[in-house]
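A.B. asks: dropping the sequence and predicted coords here.
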Amino acid sequence: MTRNNGDSREGLAADIRRQFGNEATTRFLRALPAFRMEADIPDHFRELLDRLDGIEASTAGANPARKRRQ
């Protein structure tokens, strides 16, 4: 049975989300210089990053189906 192109893309998207949510991947990316957060960033940038983290956390918590896929 073949999958149509839409199903294939949805499956690929789910796999990518799962990979990025993986603890090992997160640890690996944090070790790379491009993904490391600088300790001396200005306070207003740090506040924006904190707000973004909060929004991401609330969005993930509001979508239980997304949590199951990860």
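C.D. replies: It's in.
A.B. asks: which element is residue 41 on?
C.D. replies: Taking DSSP states H and E as the criterion, residue 41 maps to no regular element, lying outside all helices and strands.
A.B. asks: meant to ask about residue 12, not that
C.D. replies: Using DSSP H and E, the element containing residue 12 is helix 5-21.
A.B. asks: against which helices or strands is that helix packed?
C.D. replies: Identification of packing neighbours for helix 5-21 by 3 or more CB pairs under 8 Å, 6 or more residues apart in numbering; DSSP states H and E yields helix 64-69. Bear in mind the C-beta positions are built from the backbone N, C-alpha and C, glycine included.
A.B. asks: how about 10 Å then?
C.D. replies: helix 23-31, helix 64-69 (3 or more CB pairs under 10 Å, 6 or more residues apart in numbering; DSSP states H and E).
A.B. asks: pLDDT at residue 25, what is it?
C.D. replies: Each residue has a pLDDT score; the one for residue 25 is 85.
A.B. asks: typo on my end, residue 70
C.D. replies: The model reports residue 70 with a pLDDT of 43.
A.B. asks: how is this structure divided into domains?
C.D. replies: With domains defined by automatic domain parsing, the chain comprises 1-36, 38-70.
A.B. asks: can you tell me which of those domains the model trusts least?
C.D. replies: Looking across the domains of the chain, the weakest by mean pLDDT turns out to be domain 38-70, at a mean of 77.
A.B. asks: count of neighbours near the residue nearest to residue 30 when sequence neighbours are not counted?
C.D. replies: In this structure, residue 30 finds its nearest non-sequential neighbour in residue 36, 6.5 Å apart by CB to CB, 6 or more residues apart in numbering. Applying other CB atoms under 10 Å, we find 10 other residues in the vicinity of residue 36.
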